[in-house]
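A.B. asks: Structure, please.
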Amino acid sequence: MSDEKKLAIIATKGTLDWAYPPFILSSTAAALGYETQIFFTFYGLQLLKKRLDLKVSSLGNPGMPMPVPMPVLLQALPGMQSMMTVMMKKKMKAKGVVDLEELRKLCIESDVKMIACQMTVDLFEMDTKEFIKGVEYGGAATFFEFAGESDICLFI
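C.D. replies: Numbers count the residues shown, from 1 in each chain. I've put the predicted structure just below:
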């Protein structure tokens, strides 16, 4: 058994705000010397696409701070998701938050292993040519081989 610590992450969300946690945590863990893997499944597979076109949605996220109190009904109006995404990107830039593609690139350079759930790829008939280079494919058993020996396992 290795003395190297291990971090296993399951990434299931495909929105801009949910894209940051797996990449921030895995890049930090890699910098601290952890062997790190992220298993992308269901909507989390959006994070592996070459072209990231992720949106923010406040629907189903009542904890999201809004600049102006806004009823849920208004949040569902056409164009609100795009407006909220622009606002979030502007705020992130103003606060110096690293661009998501740069953060993902840092993970790749730090040898974070990225595994796409083959079952989900098949289920949604996704074109793997749209994914970044270096993605591996496997199922739950592939993830469990690593996660079963990890020191930390996170579901995001």
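A.B. asks: What separation is there between the residue nearest the centre of the chain and Val98?
C.D. replies: For the chain, the residue nearest the mean C-alpha position is Ala19 (3.3 Å; C-alpha atoms, centre = their mean). Per C-beta to C-beta, to the nearest Å, Ala19 is found 12 Å from Val98. To be clear about C-beta, it is placed using only N, CA and C from the backbone, and glycine gets the same treatment.
A.B. asks: try Thr15
C.D. replies: 17 Å.
A.B. asks: who's more crowded, the two?
C.D. replies: Taking other C-beta atoms under 10 Å, Thr15 and Val98 do not tie; Thr15 has more neighbours (19 against 15).
A.B. asks: which residues does the more buried one contact?
C.D. replies: If you count contacts by C-beta atoms under 8 Å, 6 or more residues apart in numbering, Thr15 has them with 43, 54-57.
A.B. asks: ok, of those residues, which come out buried?
C.D. replies: 54, 56-57 (16 or more other C-beta atoms under 10 Å).
A.B. asks: Met87: which of those is nearest?
C.D. replies: Among those, Val56 lies closest to Met87 (C-beta to C-beta), at 8.0 Å.
A.B. asks: Can you tell me the element that closest one falls in?
C.D. replies: Using DSSP states H and E, Val56 sits within no helix or strand.
A.B. asks: Roughly how far does it sit from Val121?
C.D. replies: Relative to Val121, and taking C-beta to C-beta, Val56 is found at 25 Å.
A.B. asks: re the thing from before, of the buried ones among the contacts of Thr15, closest to Met83?
C.D. replies: Val56 (9.5 Å).
A.B. asks: pretty sure the closest one contacts Gln81?
C.D. replies: Yes - look at Val56 against Gln81 with C-beta atoms under 8 Å: they come within range, at 7.0 Å.
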